[in-house]
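Q: Task: produce atomic coordinates for the following.
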Amino acid sequence: MSLQQRIQSQFNDSVAVKQAALLAMAAPIEAAVRAMVACLVGGGKVMACGNGGSAADAQHFAAELLNRFEKERPPLAALALTTDSSTLTSIANDYSFDQIFAKQVAGLGRAGDVLLAISTSGNSPNVMAAIVAAHAQGVRVVALTGKGGGAIPELLANDDVHLCVPADRTARIQEVHLVTIHCLCDGIDALILGETS
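A: Residues are numbered from 1 along each chain as shown. Okay, here's the model as predicted:
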């Protein structure tokens with residue numbers, strides 16, 4: 001296989017996974033948008049967490065809400081739990097890396113808030129601990145996963161939302177995660193700005 005054929009294969013695989021994800025995820029993405037809008041309009045905040053590429057996605061999502069996505073609007077209350085190196089390293093050092101997000105959710109989360117919990121495998125121990133902490137605080141969870149969701153679906157409550165990419169390859173899951181984040185941002189703006197119902 002030539003290098004150009006490999007490149008074409010990457011694009012073709014990405015398109016196929018995105019088409020499958022559209023069919024599987026459109027309704028739960030709408031549910032997630034509505035949950036986040038209800039939170040934000042009600043004076044709550046959206047927190048986001050994840051590891052590695054998912055940490056970057058959490059930061060990307062929080063920035064789009066707090067600053068803006070594609071249209072001008074007031075800032076929306078959003079916070080990535082991945083950015084404060086002093087907090088992250090102190091929790092990891094004093095307790096456990098598994099607690100780096102959970103302790104922040106316990107301290108910052110309030111009833112009515114939403115946690116966007118991102119894990120491509122669905123098996124990240126610190127993301128799972130954050131979900132448990134969120135429920136203890138009355139925080140609703142939107143889980144963004146792949147690979148069947150891993151262990152995360154077992155932790156979700158009835159009013160939580162699971163956005164699971166129907167793929168096993170990490171690169172493809174991450175690509176759909178980015179599109180999903182942009183769908184969330186666009187949907188939140190559309191509802192808040194009254195452009196859709």
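Q: Surely Val105 is within a helix?
A: Yes. Counting by DSSP: H, G, I helix; E, B strand; the rest coil, Val105 is located in a helix.
Q: need the contact list for the closest residue to it other than its chain neighbours.
A: The spatially closest residue to Val105, leaving aside those adjacent along the chain, is Ala133, at 4.2 Å (Cβ to Cβ, 6 or more residues apart in numbering). Any C-beta I mention is one placed from the backbone N, CA and C, and that applies to glycine too. With contact taken as Cβ atoms under 8 Å, 6 or more residues apart in numbering, Ala133 is in contact with Phe101, Ala102, Lys103, Val105, Ala106, Gly109.
Q: next SSE after the lengthiest helix in the chain?
A: Taking residue count as the measure and DSSP state H as the definition, the longest helix of the chain comes out as helix 3-41. Where DSSP states H and E defines the elements, the next helix or strand beyond helix 3-41 is strand 46-49.
Q: And the pLDDT at Ala167?
A: Looking at Ala167, its pLDDT stands at 97.
Q: From Phe69, how far off is it?
A: Distance of Ala167 to Phe69, computed by Cβ to Cβ, to the nearest Å: 25 Å.
Q: Please identify which of the two sits among more neighbours.
A: Between Ala167 and Phe69, counted using other Cβ atoms under 10 Å, Ala167 has the larger neighbour count: 24 against 19.
Q: wait, is that one part of a helix?
A: No. Membership of Ala167 in a helix is not supported by three-state DSSP, which gives coil.
Q: Now do the same contact list for it.
A: Shown in contact with Ala167 (Cβ under 8 Å, 6+ apart): Val17, Ala20, Ala21, Gly146, Lys147, Ile173, Val176.
Q: Could you rerun that using 7 Å?
A: Ala167 sits next to Val17, Gly146, Ile173, Val176 when contact means Cβ atoms under 7 Å, 6 or more residues apart in numbering.
Q: Count the residues that sit near the residue nearest to it when sequence neighbours are not counted.
A: The shortest distance from Ala167 to any residue that is not its chain neighbour, by Cβ to Cβ, 6+ apart, is 4.8 Å, and that residue is Val17. Here the count is done by other Cβ under 10 Å, and Val17 has 21 residues near it.
Q: Ok, Phe11 next?
A: Here the count is done by other Cβ under 10 Å, and Phe11 has 9 residues near it.
Q: do you know how far Asp160 is from Ala26?
A: As defined by Cβ to Cβ, Asp160 lies at a distance of 18 Å from Ala26.
Q: if I look at the nearest residue to Gly146 once chain neighbours are set aside, how far off is Asn51?
A: Closest residue to Gly146 in three dimensions, ignoring its sequence neighbours and counting by Cβ to Cβ, 6+ apart: Ile173, at 3.3 Å. Here the criterion is Cβ to Cβ. By it, Ile173 lies 13 Å from Asn51.
Q: what does Lys147 give?
A: From Lys147 over to Asn51 the distance is 15 Å, taken as Cβ to Cβ.
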